[in-house]
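Q: Here is the input, now give the coordinates:
(2 chains)
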Amino acid sequence: MPYIPHTDSEIREMLNAVGVSSIEELFAEIPEDMRPKSFDVPHGMTEMAVLRHMENLAAANDIDMVSFLGAGFYDHDSPAAASALISRGEFYTAYTPYQPESSQGTLQAIFEYQTAITRLFEMECSNAGVYDGGTALYEAIMMAVRATKRRKVVISEAVNPIYRIVISTYTKNLKLELVTVPHVQGRTNFEGLVDAIDDKTACVVVQNPNFFGCVQDFTELFNAAKALGALSVMSGYPVLQSVIKTPGAMGADICVAEGQSLGLPLSFGGPYLGIMTCTKKLVRQMPGRIAGRTTDVDGKTGYVLTLQAREQHIRRQKATSNICSNQALCALQTLVHLCLLGDEGLRRQALLSMENAQYAAAQLMELEGVRLLNDAPFGNEFTVLFPGRGREICVSLMSRGIIPGFPTGRYYKGLENGLLVCCTEKHTRAEIDEMVELIGGLA
Amino acid sequence: MKTVFEQSSPGREGVWPEKPSSEASDFLPEHLLRSKPADLPSLGELDVVRHFTLLSKRNFGVDGNFYPLGSCTMKYNPKFTEQVAALPGFARLHPVVPQLPWASEMTQGALAVMYETERLLSEITGMAEYTLHPMAGAHGELTGALIMAAYHADKGNKKTKIICPDSAHGTNPASASIAGFEVISIESKNGIVDPEALKAVIDDDVAGLMMTCPNTLGLYEKHLPEIVKMVHDVDALLYYDGANLNAILGKLRVGDAGFDVVHLNLHKTFATPHGGGGPGSGPVGVCEKLRPYLPVSRVVVDVYGRYQLKYDYPKSIGYVAPFYGNFGVVLKAYAYILRLGKEGLIRVSENAVLAANYMRKQLEDVLEIPYNRVCMHEFVASAHDVAEHIRALDLAKALLDKGYHAPTIYFPLIVKEAMMFEPTETENKETLDEFIADLKAIIETAKTDPESITHAPHTMPVKRLDETKAARAMEITHDLG
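A: The predicted model follows:
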């Protein structure tokens, strides 16, 4: 019996103690006509056989391609010590720290995570994390709706379309007005956004760098929103945040991000980490867990989950959200990753990625008929336009072992010729040269 | 213990990538640059390794401590599943690959895992189809509530209310409310849902009833057939909170019993680590008539036997997640199900239920058990008359001193000074016996020397913490206080 330690004689002893003659008697309350019509699950396998099966399935995924895919999810390197530390059983087999005295490890780690994240984004408060960057953005919007008691949301079309689709699902039943302001050649449309904000607007939602890779300064937009009583919500990219102007410095009220780039594997979409930060003024509107520092009866420093009055286990249907997990292990991995890299390591990761992207963009520009979508500054990701369709370029290169980027035509009409190209510190010049050469050979 | 920030020593070299040959100002204009560094810790690799190793030692995990935590199913997590999730073929797979032209070819293994897991969960629970997208149990509840809303909207039903029994997990009402429903609470009778109380509130405005069976008292809901009929008679839907599926594998399929929507907590029944609060995974299963409303994308097998992702479902509620849920967690659950197989899964429930009843019988002399009859995988005791001035919290803290995680306390709300015990199937009899003896000794001490219990714990890194101060002073980062 895998993972069940009881011997036959122990089972008999336990049954005797309960006062029943068989295990089946314990299920007597479930009447015969309620019993399963079938339970057609295959017979168990040995650990070795399951592993072999899983290795075969893993091998059926092609991960040997050289890939320039990003689109919000990035293949950055992480020091080995990060995954080694989170695999300690005391962390990964622990429960939510509701008994704080026996969970000081997890609680202090959450407190440190909150500190590291607020410093990275120059925001005042952070929660312990939510599911992922997409649901974090939805939660940020709901925070703004609660805080302003307004129901209109103005969102830039340059926000990741995958996130925008998720947001439209959640808000369908909620009588919110979702206004999407078109991008201007890949740039966030400041004027259009300001024009769309009125006295019913809860928040304006932007992304930096935006989906097309452009890095912009939103300070004036956020000031304009504030003047109209609307809050400012930004979705960010943590690695690049080590070098670009922070949402805090721009005056954002809420900043969220996908934490995956801080040391979590791509893992086909999850588990990831939704980073959520806000100003001190808004902290009671923020969903999810928050760890706080306090003292014990002897005055010794310790940590607890705090501000729980916002949460579902106390407030039930009146809670700020239904969220009752915090991707704790992912947050821990992110924290360890940030501690191993520090400012300098994270800055190097960002710069090496940007150097590669700048080089790739410059090389592609050498090809005839190829140009950048716009001349806005970019970080490690940029959108390039070709004479032919981005989709076809992708198909041609994939048959040669390279994924050159993400075809923007999938989400943006009129940008069928575009490809969103991403570089990280893991790319080599030779890989970039080969990609450019193959694209050049297509003409 | 010092925070990692207090240990920082500016200039100390960490685990750094190679030196870049440029500055950010080479690529970006001055006004787009960060003005000062983030002030992350500056530490060497050993400093970091030692800090987090020491932190881990200030934690209870199932690997080191017995966790009889009711409703949370803290069973042992097999180690080989970690190996499975770390296989590069899975861990390095980029989630947007299937959105590229012709690219499902590159992800056949991952899509197969999702397809097979959905089929297995469907068979285990008797549902028509599953989505793996919800990233936690509560996320599954919200997905289920959105599916219920979509079904009614599609049929032109005007339904505004969802009923939750008073024993429901707090996430049930919260999820229903976030999906746009008004929440109606009904009182239990003898620890289970009372058909009379249901009759009093059910009408055509009711979209659904959210139930847990066995419920949070660990009891089987024996009026189920009557409840199912009452709910379906007003064209409402029956939602099953699968947090307690651990008790009924092979004994009750919720689909056969009449439930229309189900969420499962893979991290509970299917043994993936809780991680100190996540990640979890909350797949949702539906009956035949709700199939069209499942979120997109969905995995299908085409005529050539190849797995494909399909997005074209006009009645779908849309995307509840950017991708396919917490795939890494699904991998572990899939491997666990394959390892145990049919007989293994049935034994899980049998032994979980046996252990809970064994513990209930051993404790009934020292703790009041308000609904003291055969229970499923967990049972609820009350600490209210153990001794004067002794609360459930005190017994919980005293248990920490003995090296056990405390049971769930003060839930469900319908039992005074509640203590909910769930031993799970993976703890051996010696552990159960030692725990029972230790708890009995604590209760004895509570009667003779209550002081020592009300001041517990004594052996943890900290004593009882001031939670009021934490909320009032709100020191939630090293910089904000």
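
Q: What residues of the lowest-mean-pLDDT helix or strand in chain A count as buried?
A: Of all helical and strand segments in chain A, the minimum by mean pLDDT, DSSP states H and E falls on helix A:312-315, at a mean of 83. Of the residues in helix A:312-315, A:Q312, A:H313, A:R315 count as buried by neighbour count, 16 or more other Cβ atoms under 10 Å in any protein chain shown. Bear in mind the C-beta positions are built from the backbone N, C-alpha and C, glycine included.

Q: Now do that helix: which elements does it pack against?
A: For helix A:312-315, the packing partners by 3 or more Cβ pairs under 8 Å, 6 or more residues apart in numbering or on different chains; DSSP states H and E come out as helix B:171-178.

Q: just to revisit the earlier point, columns distance to B:E18 on top of the buried residues of helix A:312-315, output as JSON lines?
A: Below are these laid out as JSON lines (distance: Cβ to Cβ, whole Å):
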{"residue": "A:Q312", "distance to B:E18": "46"}
{"residue": "A:H313", "distance to B:E18": "47"}
{"residue": "A:R315", "distance to B:E18": "50"}
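
Q: show me what contacts A:P407?
A: With contact taken as Cβ atoms under 8 Å, 6 or more residues apart in numbering or on different chains, A:P407 is in contact with A:R389, A:G390, A:R391, A:I393, A:C394, A:E416, A:G418, A:L419, A:L420, B:L100, B:P101.

Q: Identify, from those, the entry nearest to A:G192.
A: Of all the contacts of A:P407, A:G192 sits closest to A:G418, with 20.3 Å by Cβ to Cβ.

Q: So what's the residue count around that closest one?
A: 25 (other Cβ atoms under 10 Å in any protein chain shown).

Q: Surely it and A:T383 touch.
A: Yes: between A:G418 and A:T383 there is a contact at 5.2 Å, judged by Cβ atoms under 8 Å.

Q: hey, what's in contact with both of these two?
A: A:L373, A:T408.

Q: which parts of the stretch 151-300 of chain B sit against chain A?
A: B:170-171, B:173-180, B:183, B:220, B:222, B:224-225, B:248, B:250-253, B:256-257, B:271, B:273-280, B:295 (Cβ under 8 Å from any Cβ of the partner chain).

Q: which of those residues are buried?
A: Counted by 16+ other Cβ under 10 Å, those give B:170-171, B:173-180, B:183, B:220, B:222, B:224, B:248, B:250-253, B:256-257, B:271, B:273-280, B:295 as buried.

Q: Out of those, which sit inside helices?
A: B:T171, B:P173, B:A174, B:S175, B:A176, B:S177, B:I178, B:L224, B:D256, B:A257 (DSSP state H).

Q: ok, and for the longest helix along chain B, which residues are buried?
A: Ordering each helix of chain B by length in residues (DSSP H) puts helix B:327-363 first. Going by neighbour count (16+ other Cβ under 10 Å), the buried part of helix B:327-363 is B:327-342, B:344-363.

Q: Please, which helix or strand holds residue 116?
A: Using chain A. helix A:104-121 (DSSP states H and E).

Q: Switch to chain B, please.
A: Assigned by DSSP H and E, B:E116 falls in helix B:108-125.

Q: wait, does whichever helix or strand comes after that helix make contact with chain A?
A: Using DSSP H and E, the helix or strand that follows helix B:108-125 in sequence is strand B:129-131. No: using Cβ under 8 Å from any Cβ, strand B:129-131 stays clear of chain A, with a minimum separation of 12.4 Å.

Q: which ones are touching the most centrally placed residue in chain A?
A: Of all residues in chain A, the one closest to the mean position by Cα atoms, centre = their mean is A:E258, 2.6 Å from it. By Cβ under 8 Å, 6+ apart, the residues touching A:E258 are A:72-73, A:132-134, A:136, A:235, A:237-238, A:272-275.

Q: Now, the residues you listed that are in strands?
A: A:S235, A:G274, A:I275 (DSSP state E).

Q: Reformat these into CSV and put pLDDT, distance to chain B and neighbour count next to each item.
A: Putting these into CSV (pLDDT from 0 to 100; distance: Cβ to the nearest Cβ, whole Å; neighbours: other Cβ atoms under 10 Å in any protein chain shown) gives the following:
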residue, pLDDT, distance to chain B, neighbour count
A:S235, 98, 12, 27
A:G274, 98, 9, 29
A:I275, 98, 14, 30
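
Q: can you list the residues you listed in JSON lines and add distance to A:G105?
A: Converted to JSON lines, the ones in strands among the contacts of A:E258 look like this (distance: Cβ to Cβ, whole Å):
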{"residue": "A:S235", "distance to A:G105": "31"}
{"residue": "A:G274", "distance to A:G105": "22"}
{"residue": "A:I275", "distance to A:G105": "21"}
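
Q: Looking at the residues you listed, which is nearest A:A80?
A: A:I275 (23.3 Å).

Q: tell me the secondary structure for the nearest residue to that closest one once chain neighbours are set aside?
A: Nearest residue to A:I275 in three dimensions, chain neighbours excluded: A:A257, at 4.2 Å (Cβ to Cβ, 6 or more residues apart in numbering or on different chains). Assigned with DSSP: H, G, I helix; E, B strand; the rest coil, A:A257 falls in the strand class.

Q: so what's A:A257 up against?
A: Neighbours of A:A257 in contact, by Cβ under 8 Å, 6+ apart: A:F121, A:G133, A:A136, A:S235, A:G236, A:Y237, A:P238, A:Q241, A:G274, A:I275.

Q: hmm, who's touching stretch A:335-347?
A: Contacts for stretch A:335-347 (Cβ under 8 Å, 6+ apart): A:78-79, A:81-82, A:85-86, A:109, A:112-113, A:116, A:120, A:239, A:242-243, A:262-263, A:349, B:4, B:13-17, B:24, B:37-43, B:45, B:48, B:51-52.

Q: Pull out the buried positions in that stretch.
A: A:335-347.

Q: and A:E425, how far is that from A:Q349?
A: Using Cβ to Cβ, to the nearest Å, A:E425 is found at 5 Å from A:Q349.

Q: shared neighbours of those two, which are they?
A: Counting by Cβ under 8 Å, 6+ apart, the residues touching both A:E425 and A:Q349 are A:H76, A:D77, B:P17.

Q: No further queries at this time; thank you.
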